[in-house]
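Asker: coords below, sequence missing:
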């Protein structure tokens, strides 16, 4: 019963609070949660962002292609002088 009462108090606090600013925090399990709670006590809204998206962590499946192997126009350097 005590935990549901504290949750209600936290929700009421969020609704009645005018946030002074925002803090964008990289999400790290347990660490960011603690920092976020501390920041929110000072009327700063904590916004959690993923550190990296999955597509940034994975390598490209395509091999890099040499630009001279594709059809098109190329500039040929002319000797000066």
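Answerer: Here it is on my side, so go on. Note that the structure is a prediction, hence the values are computed from the model and not measured.

Asker: quick one: the residue minimising distance to the centre of the chain from residue 24, how far?
Answerer: The residue lying closest to the centre of the chain (C-alpha atoms, centre = their mean) is residue 49, at 3.5 Å. Distance, residue 49 to residue 24, using C-beta to C-beta, to the nearest Å: 6 Å. In this view, the C-beta of every residue, glycine as well, is placed from N, C-alpha and C.

Asker: same thing with residue 35?
Answerer: According to C-beta to C-beta, residue 35 and residue 24 sit 12 Å apart.

Asker: Among these two, which residue is more densely surrounded?
Answerer: For residue 35 and residue 24, the more surrounded residue by other C-beta atoms under 10 Å is residue 35, and the numbers stand at 15 against 9.

Asker: Tell me if that one really is in a strand.
Answerer: No - counting by DSSP: H, G, I helix; E, B strand; the rest coil, residue 35 is not part of a strand but helix.

Asker: Let me see the ranges of the strands in this structure.
Answerer: 21-26, 44-49 (DSSP state E).

Asker: quick check: angle from the last one to strand 21-26?
Answerer: Our comparison of strand 44-49 with strand 21-26, counting by axes from the mean of the first three to the mean of the last three C-alpha atoms, to 10 degrees, yields an angle of 30 degrees.
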